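Enquirer: Below is the structure, and that's it, no one-letter string:
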């Protein structure tokens, strides 16, 4: 049995832009934070848990407490909900994602999980808004760690428990960011990139052996999952994009 672990923003859902806009406004509304760095690749860990704490630490001059973190998360999710009500098109799925995920869940020899740097509340909202049914899929979120590696390992642990497996024949991570490539390399997971154009080139240059534009070609997805390799060493990587 093999395991495919999916990221959310930019991988299953087309929500990078609305997520970034609401994150910045949430910081402003909840804690009067202005001028925060939105080049997410500049942070040591590209996860909501790490970025939220770092931004608030710089703003407050100390480590934020749980009440302060909760105040931001609540406002952030509220802004996402408001954006969804105003324009549901901001929460589209990557083309073919829902159908492909449903088919893969029933595919002999494959199981699925989700690992995302999003807070749980925002991640579940975006999946639901994009029409992705994931209630039966083991998942890990920003609450489960500050690094992508921690979150992926939590998803792997929950997948073992969910599917009654001590181990998997292979683990394949799917993502759209340089941080996703790096985390897969660090953990020794195979990797399939999701992106088109310049992003696809960036993922390949970062070491991704296979990159898909979307999920419309299900047979190609299966081939890529089966053939994917652990990312090779980084070579000539351009500056990180501004997505989470």
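Expert: Looks like it came in fine. This structure is a prediction, so every number in the text was calculated from the model and none was measured. Numbers count the residues shown, from 1 in each chain.
Enquirer: What is the subsequent helix or strand relative to the helix ranked longest in the chain?
Expert: Ordering each helix of the chain by length in residues (DSSP state H) puts helix 66-86 first. For helix 66-86, the following helix or strand on the C-terminal side (DSSP states H and E) is helix 97-105.
Enquirer: Give me the buried positions along that following helix.
Expert: In terms of neighbour count (16 or more other Cβ atoms under 10 Å), helix 97-105 has its buried residues at 97-98, 100-101, 104. From N, CA and C alone the C-beta is placed, and that goes for glycine too.
Enquirer: Let's have the residues you listed in TSV, adding distance to residue 121 and pLDDT.
Expert: Shown next, in TSV, are the buried residues of helix 97-105 (distance: Cβ to Cβ, whole Å; pLDDT from 0 to 100):
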residue	distance to residue 121	pLDDT
97	20	98
98	21	97
100	25	98
101	21	97
104	25	97
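Enquirer: how long is stretch 208-223 end to end?
Expert: End-to-end distance for stretch 208-223, by Cα to Cα, to the nearest Å: 15 Å.
Enquirer: Name the surrounding residues that touch it.
Expert: Applying Cβ atoms under 8 Å, 6 or more residues apart in numbering, the contact partners of stretch 208-223 are 94-97, 99-101, 103-104, 107, 181, 190-196, 200, 203-204, 224, 227-229, 231-232.
Enquirer: which residues in the protein form strands?
Expert: Ranges of strands in the chain, per DSSP state E, are 2-6, 110-115, 139-140, 170-175, 190-194, 210-212.
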